[in-house]
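**Q** pasting the structure only:
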């Protein structure tokens with residue numbers, strides 16, 4: 001089992017920045033990949049960014065490239081999402097997800113609201 005807890009959400013004006021964190025616990029040594037997703041009201045959950053747990057390779061949705069940066073710490077227990085130049089359309093609940101042995105674990109989500 002893997003437990004994930006997100007933090008760092010909040011209200012920010014357009015053009016501002018926020019940093020989300022996802023703390024992983026449990027069987028973190030066997031995680032393959034970690035991702036951030038987001039879900040806006042009335043929309044489907046969408047991929048935002050991902051990082052390889054062993055090689056730190058990264059991937060991003062086109063909508064956030066150049067503005068968001070995903071990273072993990074050396075202890076491999078926390079994944080962060082630095083969000084810069086935020087736009088109102090970035091408003092959503094952001095979820096952390098971990099893939100381990102073909103199963104995906106989810107955090108509870110953290111709200112990000114960007115005002116115009």
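**A** Ah, there it is. Everything numeric in this text was worked out from a predicted model, so none of it was measured. Numbering: from 1, shown residues only.

**Q** Find the residue at the geometric middle of this protein.
**A** residue 36 (2.9 Å; Cα atoms, centre = their mean).

**Q** Residue 56 versus that one, what's the distance?
**A** 15 Å (Cβ to Cβ, to the nearest Å). C-beta: built from backbone N, CA, C; applies to glycine.

**Q** before we move on, what about residue 41?
**A** From residue 41 to residue 56 the distance is 33 Å (Cβ to Cβ).

**Q** Could you check which of the two is surrounded by more residues?
**A** Between residue 41 and residue 56, counted using other Cβ atoms under 10 Å, the more crowded position is residue 56 (12 against 7).

**Q** doesn't residue 70 make contact with that one?
**A** No: look at residue 56 against residue 70 with Cβ atoms under 8 Å: they stay out of range, at 9.3 Å.

**Q** Okay, buried residues for stretch 80-93 please.
**A** For stretch 80-93, a neighbour-count test (16 or more other Cβ atoms under 10 Å) marks 80, 81, 83, 86, 90, 91, 92, 93 as buried.

**Q** And stretch 28-44, by the same measure?
**A** Buried residues in stretch 28-44 (16+ other Cβ under 10 Å): 28, 31, 33, 34, 35, 36, 37, 38.

**Q** can you check stretch 46-54 too?
**A** Per 16+ other Cβ under 10 Å, stretch 46-54 contains these buried residues: 48, 49, 50, 51, 53.

**Q** Show me what the fourth one is bridged to.
**A** By that I understand residue 51. Beta-bridge pairing of residue 51 under DSSP bridges involves residue 34, residue 58.

**Q** what does residue 99 give?
**A** Beta-bridge partners for residue 99, by DSSP bridges, are residue 33, residue 104.

**Q** now whichever strand or helix holds residue 79: how far from the chain's centre is it?
**A** Remark: residue 79 resides in strand 78-83, with elements defined by DSSP states H and E. Computed by Cα atoms, centre = their mean, to the nearest Å, the chain-centroid distance of strand 78-83 equals 6 Å.
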